[in-house]
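Asks: Only the shape, not the letters, is given here:
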């Protein structure tokens, strides 16, 4: 068995203390040089090894300064465009005519990188979480073909940090309504509430990033947190903050590769969420690397440590007010939704959730539509309502030739062309508001026999601020005339 140098010195000193052994005899007995015996007798600790001056490097020495300059310059360039040892050797041969072996260059580059501190890498420490103590939330982007149209959708993910069980749901938007509704659905799915939830600095929850970990939070998010009784933790901005919630970051990518490849083809968003729910059930039997039990078994133990659900769920919908225009539509988040024609001109409350839009008249729901993302498309309301609007010439989506009702091709923003305004079309149609335009603002048009401007609906929608030419003030024969200031 090999002995260390300290053990060798100990044995030599023990034999010498026994007496009667000379230095020569000790050297022969222990198979060492007499110099080593004298060192052992002089002290129990072996002396340090002798240092030698660096050997000359005739092959790589003339190019050492050039290589060092290249390696130091790599600190300021993108990581994927830095010098490799092979590239250093290629440049030496091509630019300086060096006759040196590639292995000699690679050995020197590896040693110099360690000496210059260029080979340091960030070390990660695995996180350990108590059962029911923490969860992580984030949105992930993906594509799906819904009703024959390829759409960009967002997947809300809430992952329990201890057991690794996650909840997924797809939305057509990542607005605050989807953010809040995702929490409500996730807590109902788990049947319990974690003690703390980690977030990045996403807009639905954070109004402004303050110093350190402090955040100015939105009132709706504070109400959700108060309703369910959990604490919030916000990661630092930037890439470093993503490592503070790496569980949900990795879960989004894993779920997308496992269950959303190839691109899903579904008839509706509800059908897509049914597929996602089935995938969540399938993942309960998965075993995370390094853990001895399945996700379902780990969650059964974690659920006992989580907080209970409140008596009633939180309402994530937002209540808005919208005016019904002359085409029996309300404009909500840059999209038009039809309502019964008898409500034209009235202002009605609108209940906006992540997946639906409900128009109310007091406690009664007068219209309910699926929420759409901003963009061109057919006006909701069913085939019958769309057919009646087409008969009247009221098209909300692209018309013949792919052009909208203002004559613009799809995807071209801006105001209507002057010729469209001269034809007396409704100037409020391509404004971002559902408010019906004032009759006096319909632009120039034809005049009737009384000299009044004719609007889209005829004389009653014209401009009657002054009497018709040649008629005395106070004339009542004109059916739509009313006196007014000049």
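Replies: The structure has been received and is ready for your questions. Just so you know, these numbers come straight off a predicted model, no measurement behind them.

Asks: measure stretch 214-224 end to end?
Replies: The first and last residues of stretch 214-224 sit 18 Å apart, counting by CA to CA, to the nearest Å.

Asks: could you give the mean pLDDT of it?
Replies: What stretch 214-224 shows for mean pLDDT is 85.

Asks: mind listing the helices for the stretch 251-400 of the chain?
Replies: For the stretch 251-400 of the chain, the helices defined by DSSP state H, counting those that start in this stretch cover 269-283, 295-302, 382-392.

Asks: the inter-axis angle of the second one versus helix 269-283?
Replies: Using axes from the mean of the first three to the mean of the last three CA atoms, to 10 degrees, the inter-axis angle of helix 295-302 relative to helix 269-283 is 80 degrees.

Asks: mean pLDDT lowest for which of the helices of the stretch 251-400 of the chain?
Replies: Looking over the helices of the stretch 251-400 of the chain, mean pLDDT reaches its minimum on helix 382-392, with a mean of 48.

Asks: in a strand, that's where residue 153 is, yeah?
Replies: Yes: under DSSP: H, G, I helix; E, B strand; the rest coil, residue 153 sits within a strand.

Asks: Helices of the stretch 51-200 of the chain, residue ranges please.
Replies: 64-73, 85-96, 102-116, 176-190.

Asks: Nearest to residue 313 among those helices would be which one?
Replies: The closest of those to residue 313 is helix 176-190. By CB to CB, the value is 5.4 Å. Placement of C-beta: from N, CA and C, glycine included.

Asks: got the buried residues for that closest one?
Replies: Across helix 176-190, burial judged by 16 or more other CB atoms under 10 Å covers 176-187, 189-190.

Asks: Same check on stretch 232-243?
Replies: Residues of stretch 232-243 classed as buried by neighbour count (16+ other CB under 10 Å): 232, 234, 235.

Asks: okay, how far is it across stretch 23-39, tip to tip?
Replies: Terminal-residue distance, stretch 23-39 (CA to CA): 11 Å.

Asks: Quick check: buried residues in that stretch?
Replies: Going by neighbour count (16+ other CB under 10 Å), the buried part of stretch 23-39 is 23, 26, 27, 30, 32, 36, 37, 39.

Asks: how close does residue 352 sit to residue 332?
Replies: Counting by CB to CB, to the nearest Å, the gap from residue 352 to residue 332 is 6 Å.

Asks: shared neighbours of those two, which are they?
Replies: Shared contacts of residue 352 and residue 332 (CB atoms under 8 Å, 6 or more residues apart in numbering): residue 320.

Asks: wouldn't residue 229 be in contact with residue 306 here?
Replies: No: judged on CB atoms under 8 Å, residue 229 makes no contact with residue 306 at a distance of 11.0 Å.

Asks: With neighbour numbers in mind, choose between those two.
Replies: Set residue 229 next to residue 306 and count neighbours by other CB atoms under 10 Å: residue 306 wins out with 22 against 12.

Asks: residues in contact with the more buried one?
Replies: Neighbours of residue 306 in contact, by CB under 8 Å, 6+ apart: 131, 132, 190, 192, 193, 194, 195.

Asks: Now do the shared contacts for residue 229 and residue 306.
Replies: By CB under 8 Å, 6+ apart, the residues touching both residue 229 and residue 306 are residue 193.

Asks: check contacts around residue 273.
Replies: Taking CB under 8 Å, 6+ apart as the criterion, residue 273 is in contact with 169, 170.

Asks: ranking the contacts of residue 306 by neighbours, who comes first?
Replies: Tallying neighbours with other CB under 10 Å puts residue 194 at the head of the contacts of residue 306, with 28 neighbours.

Asks: Now that residue. Nearest residue, chain neighbours left out?
Replies: Closest residue to residue 194 apart from its sequence neighbours, by CB to CB, 6 or more residues apart in numbering: residue 135 at 4.1 Å.

Asks: Just grab the bridge partners of the one you found for me.
Replies: residue 160, residue 197 (DSSP bridges).

Asks: mind checking how far residue 182 is from residue 98?
Replies: 61 Å.
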